[in-house]
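A.B. asks: Compute the structure for the input listed below.
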Amino acid sequence: MGSSSTYAALVYYSAYNAKEFGKTVSVNQFQVKDVRWDSELGGQNMELRLVEYFADEFNKQLRNGVDVKKSPKAMAKLKKQVKRTKEFLSANTIFIEFFYDDRDFRSTITCEKFEELCEDLWDKSLPLVKEVLKYSGLEVDDIYAVELIGGATRVPKLQVKLQEFLGRKELDKHLDADEAIVLGAALHAANLSDGIKLNRKLGMADGSSYGFIIELDGPDL
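C.D. replies: Modelled structure (predicted):
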């Protein structure tokens, strides 16, 4: 789960024998079997809920009919601070100097309140995992490991929801999203290049998270 989108991918690891320089070598490979995508679910959704909550809190503190939501400058400050609050809810106090009209703003939010504000978002994350399993003909017990990638996956409530569904006490969080993309692209390029020699070749069969539309035109169609 990234900033603006979420996807669930099913990856299968295996090995096959191949001829290389007259010798039979074992080549490890991974295949992306299925990908399910939600282009409207991500960390930004959580941030927007927090922004709305804190903006309403500030309006209540003013009690003069002013709506801080109409101030782009104040809202930009709030969005910046809210991102940190979302990722580190243990530091659940928000403080912004000169937030609006030379007024400071201080407020707090509990983990319980944050989870309540985003309750529907947690539920939207599970269908992607369910669809991947359904269309692949697999059960939860068939999955060897679950790797979480993306800043929004740091949110404890999201992890709890996945743990409950998958029946696991721990989820893997070994990969950084940006590093995974860069390393994967570099490795794929090395596999395709004749000028780069890898100590050990890695087979890849990627999948697309988007649908394809094919248009055929001609007299015989």
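A.B. asks: what ranges do the strands span in the chain?
C.D. replies: 6-20, 23-38, 93-100, 103-108, 202-205 (DSSP state E).
A.B. asks: So which of the ones you listed is nearest Gln163?
C.D. replies: Across the strands of the chain, Gln163 has its closest neighbour in strand 6-20 (15.0 Å, CB to CB). Glycine gets a C-beta too; all of them are placed from N, C-alpha and C.
A.B. asks: Make TSV from the strands of the chain and add distance to Lys69 to it.
C.D. replies: As requested, the strands of the chain are exported to TSV (distance: least, CB to CB, whole Å):
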stretch	distance to Lys69
strand 6-20	27
strand 23-38	27
strand 93-100	10
strand 103-108	13
strand 202-205	47
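A.B. asks: Distance to Ala186 and mean pLDDT added to those strands, as a markdown table?
C.D. replies: What follows is these, written out as a markdown table (distance: least, CB to CB, whole Å; pLDDT from 0 to 100):
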| stretch | distance to Ala186 | mean pLDDT |
| --- | --- | --- |
| strand 6-20 | 18 | 83 |
| strand 23-38 | 15 | 83 |
| strand 93-100 | 39 | 82 |
| strand 103-108 | 44 | 87 |
| strand 202-205 | 11 | 72 |
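A.B. asks: how about these in a markdown table, adding mean neighbour count?
C.D. replies: A markdown table is the format used below for the strands of the chain (neighbours: other CB atoms under 10 Å):
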| stretch | mean neighbour count |
| --- | --- |
| strand 6-20 | 14 |
| strand 23-38 | 14 |
| strand 93-100 | 15 |
| strand 103-108 | 14 |
| strand 202-205 | 13 |
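A.B. asks: for these, which one sits closest to Glu139?
C.D. replies: Taking the strands of the chain one by one with CB to CB, strand 6-20 is closest: 12.4 Å.
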